[in-house]
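Asker: Here's my sequence, what's the structure:
(one chain, ligands or ions: 1)
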Amino acid sequence: MKPSHIEHIGIAVTNLEGAIAFYEKVMGLKCYNIEEVPDQKVRTAFFKVGQTKIELLESTDPEGPIGKFIEKKGEGIHHIAFSVEKIEDQLAHAAEMGIRLIDCKPRKGAEGLDIAFLHPKATSGVLIELCENKTT
Ligand code: ZN
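Answerer: Okay, the predicted model is just below:
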């Protein structure tokens, strides 16, 4: 797939405002975007660290993916997102290699990115997100 960089690291939190305060006051980063993604039942907050972002994820529904994740594992790193080109081709390629996918085709994530997840069973337990910014 040859990703160009880690686009973001997704972190599941129970209290978005509290987590934002930590990243602003302690880490000295600036939250530049807060966005609700109804499709994934989350509210997200974004910080830039160089080319990579931190994406905080607060569940808006206990039955959503982040709600379930926190119930099972508690707060913590939820996924790592790699920036790729031609995301459809990458998904097809991964499927050909027998990699189990959560998303067979990309959907819209926060910040207008096209995103798709690989199944953590196929990736040593790490939820991997592929994303492509088609707006630039
Ligand atoms: Zn993400």
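
Asker: Please enumerate the helices of this protein.
Answerer: Under the criterion DSSP state H, the chain contains helices at 16-21, 65-73, 87-96.

Asker: Residue 63 touches residue 69, doesn't it?
Answerer: No - at 11.6 Å, residue 63 does not count as touching residue 69 under the criterion of Cβ atoms under 8 Å. Yep, even glycine has a C-beta here, placed from its N, CA and C like the rest.

Asker: Settle it for me: which of those two has more neighbours?
Answerer: residue 69 (19 against 9; other Cβ atoms under 10 Å).

Asker: Lowest mean pLDDT among the helices and strands of the chain, which one is it?
Answerer: Sorted by mean pLDDT, DSSP states H and E, the helices and strands of the chain end with strand 107-108, the least confident at a mean of 90.

Asker: can you give me how far that strand is from the chain middle?
Answerer: The chain centroid and the centroid of strand 107-108 are separated by 12 Å under Cα atoms, centre = their mean, to the nearest Å.

Asker: that older thread, so which of the helices of the chain is nearest the ion?
Answerer: Nearest to the ion among those is helix 65-73 (10.5 Å), distances taken as Cβ to the ion.

Asker: No further questions, thank you.
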